[in-house]
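**Q** Structure for the following, please:
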Amino acid sequence: MYTIQFSPVAKEDLMKIKVYLEQEFNVELAAEKINEMLKSIKQFEQFPLMGRPLINVIDIPTDYMYFVLEKNYVFYRLEKQTVKIIRILDTRQNFINILFGNG
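**A** A predicted model of the protein is given here:
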């Protein structure tokens, strides 16, 4: 079984999503959505390969994998027996620039 580890910036991403949902909707919905996201991410413990290699969709060499979770991409990499969550980004964001520092 794998363990899940969030990078500090992925934790910030989750907090930004939570704050956005609280402002646009309400605290209860925000808590519910974050819990659903965390429950889905927890599945990586049993199924670390349920995402797809990011290299299949971009021309930049990377060991990142990604998983679509509602309106968000969860970017991660496997490090030994750990699934390291790198970022959680809205699908409308330019993830290439954000992940690889091109902008």
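**Q** And for residue 13, nearest residue in space, chain neighbours not counted?
**A** residue 88 (4.1 Å; C-beta to C-beta, 6 or more residues apart in numbering). In short, each C-beta sits where N, CA and C put it, glycine included.
**Q** Give the next helix or strand downstream of the helix or strand encompassing the one you found.
**A** Using DSSP states H and E, residue 88 sits in strand 82-90. Sequence-wise, the next helix or strand downstream of strand 82-90 (DSSP H and E) is helix 95-100.
**Q** on contacts alone, who are the packing partners of that next one?
**A** Counting contacts by 3 or more C-beta pairs under 8 Å, 6 or more residues apart in numbering; DSSP states H and E, helix 95-100 packs against strand 72-79, strand 82-90.
**Q** Reformat those strands as TSV; add mean neighbour count and distance to residue 101.
**A** Formatted as TSV, the helices and strands packed on helix 95-100 follow (neighbours: other C-beta atoms under 10 Å; distance: least, C-beta to C-beta, whole Å):
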stretch	mean neighbour count	distance to residue 101
strand 72-79	20	14
strand 82-90	20	12
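**Q** Indicate which one of the ones you listed is closest to residue 24.
**A** Evaluated over these, closeness to residue 24 peaks at strand 82-90, with 12.8 Å, by C-beta to C-beta.
**Q** With residue 42 as the reference, measure out to residue 35.
**A** According to C-beta to C-beta, to the nearest Å, residue 35 stands 10 Å off from residue 42.
**Q** got the helices and strands packed on helix 95-100 as TSV, with mean pLDDT and distance to residue 29 columns?
**A** Listed next are the helices and strands packed on helix 95-100 as TSV, based on pLDDT from 0 to 100; distance: least, C-beta to C-beta, whole Å:
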stretch	mean pLDDT	distance to residue 29
strand 72-79	97	15
strand 82-90	98	17
